[in-house]
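A.B. asks: just coords:
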């Protein structure tokens, strides 16, 4: 007496391919090319896809694995603009600024003529290697400290709020100068880091943050040619926004305020700029 062998199964995704294997999750037959090793057994591609978290959650998890991604992007953008602006040749404006530096720099006459984009572009403009080196060193250090706590989105908003605050301060105190640099934004990050320590019950002056902030403020007033308004505007706005962003009660009860605060600060600074130019 002969027994009839069971019918040969075929892969559900490749009906022409015979297989003796099954997905350990849905038990459907699948060929070797359609199975992925799992913690227990193997799963088909459909089950693997179905078990993945939503796209928003995948993006959040990916961002969490990227150390200070926004900080590195900002540093790269500043360096790229520095290289590009140095290729424009010498110009007469500002005692030797290149033509491309003039295109990016901040001055009241340009904003009054409708070139409002300079409020941002000036924050990526640097005059010399030492200028950008110091700013990028502080940006990288402060960003590595603040971005993991705030997340990339809120960190970028804080950065640009401080930048716009610095532009307002520069236009207020030195409207006729050609101003540029990430110093306003960087001072804002220092101010935010200082108030974050205060929220945690730590005296900033007992840390490197407080010492660095005070030292840089002293340099701001001691060395000619530094934008006092840009630095003060940046640190005031950064500290104010940071105070809201790092407030534990705000984060618990009204987390949306931590997103709205930097936007409101930028709008207020832009309105103030419109009033003075």
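C.D. replies: Received, thanks. For clarity, every value in this text was computed on a predicted model and none was experimentally measured. Numbering: from 1, shown residues only.
A.B. asks: Please name the residues that touch residue 22.
C.D. replies: Applying C-beta atoms under 8 Å, 6 or more residues apart in numbering to residue 22 gives the contacts 28, 29, 30. (Glycine included, C-beta is placed from N, CA and C.)
A.B. asks: top of those by neighbour count?
C.D. replies: Among the contacts of residue 22, the one with the most neighbours (other C-beta atoms under 10 Å) is residue 30, at 27 neighbours.
A.B. asks: give me the number of residues near residue 140?
C.D. replies: Residue 140, neighbours per other C-beta under 10 Å, totals 15.
A.B. asks: again, but for residue 39
C.D. replies: Using other C-beta under 10 Å, the number of residues around residue 39 comes to 6.
A.B. asks: Secondary structure class of it, three-state.
C.D. replies: coil (DSSP: H, G, I helix; E, B strand; the rest coil).
A.B. asks: so how far is residue 156 from it?
C.D. replies: 37 Å (C-beta to C-beta, to the nearest Å).
A.B. asks: Repeat that for residue 133.
C.D. replies: 22 Å.
A.B. asks: what's the answer for residue 176, then?
C.D. replies: 31 Å.
A.B. asks: Tell me which of these two has more neighbours.
C.D. replies: residue 156 (18 against 9).
A.B. asks: residues contacting the nearest residue to the more buried one once chain neighbours are set aside?
C.D. replies: Spatial nearest neighbour of residue 156, excluding adjacent residues (C-beta to C-beta, 6 or more residues apart in numbering): residue 70 at 5.1 Å. Residues in contact with residue 70 (C-beta under 8 Å, 6+ apart) are 143, 147, 152, 155, 156, 159.
A.B. asks: For those, pick the one with the most neighbours.
C.D. replies: residue 159 (30 neighbours).
A.B. asks: Which residue lies closest in space to that residue, excluding its sequence neighbours?
C.D. replies: residue 185 (5.1 Å).
A.B. asks: and that neighbour, helix, strand or coil?
C.D. replies: Quick answer, by three-state DSSP: residue 185 is helix.
A.B. asks: hang on, isn't it packed against residue 163?
C.D. replies: Yes. Residue 185 is within contact range of residue 163, at 4.0 Å (criterion: C-beta atoms under 8 Å).
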